[in-house]
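# structure here, sequence nowhere to be found:
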């Protein structure tokens, strides 16, 4: 599969992962929060995930400015989850971050990472910036899953170390995507209008 096709898959899977964990969060959690709080907390992630999926499915991400904006949105979701988790550790806001923890340490983490790394590797030689937009979060989201498996094997599933540091890596993925997405938007303004420069 050509580079742009892999980039579409990577972007769609990234958006789908964000969208999926929001749907699961809304469907299966009951943390005693007001009923209106669930849709309010999930709305930003759902909107960002849906935009990434639609952009990949329709091929809109060929436009570098649109692709960059999608990466900025995805980065903001991961970064804000870490900020909420750290800043509102014992308050009613903390459950908002749990939906994004599912992306970094849940069952979706290794699958999402593998797809992003494959997409980034395919796109990198044609468009290094677009490739990095897949490779960087893929690597950052793979690390918590590997760490989790190692800790489970060594100390058991109830170890307090199990989730240590995973949100820091999620925040790093978010910050990196924000910077890379901003770079893609800047390139669009500078004249590089399309990603990968060739039809899929």
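Ah, there it is. Keep in mind that what you see is a predicted model, and the values were worked out from it rather than measured.
# from the contact counts, what lies against the longest helix seen in the chain?
Counting residues, the longest helix found in the chain (DSSP state H) is helix 128-155. Secondary-structure packing of helix 128-155 (3 or more C-beta pairs under 8 Å, 6 or more residues apart in numbering; DSSP states H and E): helix 3-28, helix 64-87, helix 95-105, helix 108-124, helix 166-190. All C-beta spots, glycine's among them, are computed from the backbone N, C-alpha and C.
# residues of the first one that come out buried?
I take that to be helix 3-28. For helix 3-28, a neighbour-count test (16 or more other C-beta atoms under 10 Å) marks 3-22, 25 as buried.
# then the second one?
Buried residues in helix 64-87, counted by 16+ other C-beta under 10 Å: 64-82, 84-85.
# check which helices and strands that helix sits against.
For helix 64-87, the packing partners by 3+ C-beta pairs under 8 Å, 6+ apart come out as helix 3-28, helix 37-58, helix 95-105, helix 128-155, helix 166-190.
# I'd like to know which of the ones you listed lies nearest to residue 112.
Taking C-beta to C-beta, helix 3-28 is the member of the helices and strands packed on helix 64-87 nearest to residue 112, at 4.8 Å.
# so which elements touch that closest one?
helix 37-58, helix 64-87, helix 95-105, helix 108-124, helix 128-155.
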